[in-house]
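J.: Structure for the following, please:
(one chain, ligands or ions: 1)
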Amino acid sequence: MANDRRPDDMKRIATKEQAEAFIAEQVKELQAQIGDKKVLLALSGGVDSSVVAALLIKAVGQQLTCVHVNHGLLRKGEPEQVIEVFKNQMKANLIYVDATDRFLDKLAGVSDPETKRKIIGGEFIEVFAEEARKLDGIEFLAQGTIWPDILESEKGIKAHHNAGGLPEDMKFELVEPVKILFKDEVRVVGEALGLPANMVYRQPFPGPGLGVRCPGAITRDRLNAVREADAILREEFAKNGLEGKVWQYFTVVPDFKSTGIKDGKRTFDWPVIIRAVNTTDAMTATVQEIPFSLMQTLVSRITSEVPGVNRVLYDFTPKPSATIEYE
Ligand code: XMP
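T.: Okay, the predicted model is just below:
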């Protein structure tokens with residue numbers, strides 16, 4: 001590809017016009033690279049893979065096959081939005097795999113955080129490879145690699161291959177249409193491609209998803225509590241003008257219960273921990289101040305709407321000493 005590296009004099013893409021110029025150029029390059037061949041993409045619904053999908057749909061349409069693996073650890077409404085935006089609106093060739101049972105069965109009883117992460121990552125590649133094997137004539141693999149990934153991999157901080165680790169016998173040529181862009185530029189390009197704002201400006205979400213917010217061995221009922229409480233938190237932050245202003249916010253449901261009372265009866269249920277932090281590089285983070293009235297609304301909604309929960313706590317700890325996630 002012509003643009004393997006970000007040219008030193010490249011202007012930061014900040015306007016719709018600049019984004020449209022980038023899109024037009026990329027579409028031409030993608031068509032030249034791919035020709036009439038087929039491309040495969042693991043579409044998580046995150047910003048980078050979504051923008052890559054939209055670019056490829058524009059460039060090669062039905063020659064692209066997107067695979068969306070639902071590992072059962074996504075936030076409420078996420079798989080539905082991927083299907084709505086890409087399959088229904090953009091008419092993409094989308095394979096949706098609901099692998100929830102497979103992941104949760106493998107994770108059952110596993111409490112070590114690193115083992116959980118390894119199981120989720122390994123299973124993801126296996127499910128994706130299985131889907132890829134069912135398809136004929138795929139020559140290209142698209143990836144949402146961005147410029148900081150390349151810089152970090154050059155510095156030895158991390159390997160940049162998002163969908164790396166595919167089995168040895170699966171060899172594809174890589175297609176990485178946003179690899180010279182910074183994250184803020186990917187978002188501007190995504191908007192220009194018509195992706196919804198909540199997809200393009202969404203907060204960071206770890207690959208192992210809600211799995212790291214359900215500390216210890218994951219159970220379906222506790223996972224459901226994390227997901228429902230997270231949906232309430234996102235809804236209330238949006239209503240109160242905090243969406244897009246706070247860098248990252250989510251809920252955690254730890255694996256212990258405490259005594260409470262509901263309708264005059266004793267309960268023995270989980271607490272929900274709310275975390276809301278601001279940062280620029282995720283290396284350090286400060287805690288977001290939340291208005292007391294909003295906190296009261298959150299406590300009232302979460303304790304009455306989420307099954308199995310009788311307390312709500314707020315995590316006031318910056319990074320360091322805590323990390324942002326719990327595992
Ligand atoms: P920590 O918990 O290390 O998180 O303070 C820093 C940022 O990284 C995100 N994070 C991940 N992102 N895959 C990702 O893509 C992961 O496995 C992962 N783990 C943590 C975290 O959400 C926070 O924004």
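
J.: Is the worst-scoring helix or strand of the chain on mean pLDDT in proximity to the ligand?
T.: Across the helices and strands of the chain, mean confidence by mean pLDDT, DSSP states H and E is lowest for helix 147-154: a mean of 90. No - using CB under 6 Å from any ligand atom, helix 147-154 stays clear of the ligand, with a minimum separation of 10.7 Å. Just so you know, the C-beta spots here come from the backbone N, C-alpha and C atoms, and that holds for glycine as well.

J.: Check which element follows that helix along the chain.
T.: As assigned by DSSP states H and E, the chain's next helix or strand after helix 147-154 is strand 173-175.

J.: quick check: longest helix of the protein.
T.: Longest helix of the chain, by residue count under DSSP state H: helix 113-134.

J.: Would you check the distance separating it from the middle of the chain?
T.: Centre-to-centre, helix 113-134 and its host chain are 16 Å apart (CA atoms, centre = their mean, to the nearest Å).

J.: In it, which residues are buried?
T.: The neighbour-count check on helix 113-134 (16 or more other CB atoms under 10 Å) flags 113, 116-117, 119-120, 123-128, 131-132 as buried.

J.: Next, give me the two most distant ones among these.
T.: 113 and 132 (28.8 Å; CB to CB).

J.: Hmm, residue 56 is touching residue 178, no?
T.: No - under the criterion of CB atoms under 8 Å, residue 56 makes no contact with residue 178, lying 10.7 Å away.

J.: show me what contacts the residue in the stretch 101-250 of the chain that the ligand sits nearest to?
T.: When distances are taken as CB to the nearest ligand atom, the stretch 101-250 of the chain reaches nearest to the ligand at residue 206, 3.3 Å away. With contact set as CB atoms under 8 Å, 6 or more residues apart in numbering, residue 206 has these partners: 212, 325.

J.: pLDDT at it, what is it?
T.: Listed pLDDT for residue 206 reads 96.

J.: now residue 170
T.: According to the prediction, residue 170 has pLDDT 87.

J.: ok, for residue 317, nearest residue in space, not its chain neighbours?
T.: residue 287 (7.0 Å; CB to CB, 6 or more residues apart in numbering).

J.: I meant to write residue 95 there.
T.: Leaving aside its sequence neighbours, residue 95 sits nearest to residue 67 (CB to CB, 6+ apart; 4.8 Å).

J.: show me the contacts for the one you found.
T.: Neighbouring residues of residue 67 by CB under 8 Å, 6+ apart: 40, 41, 42, 43, 94, 95, 97, 128, 131, 132.
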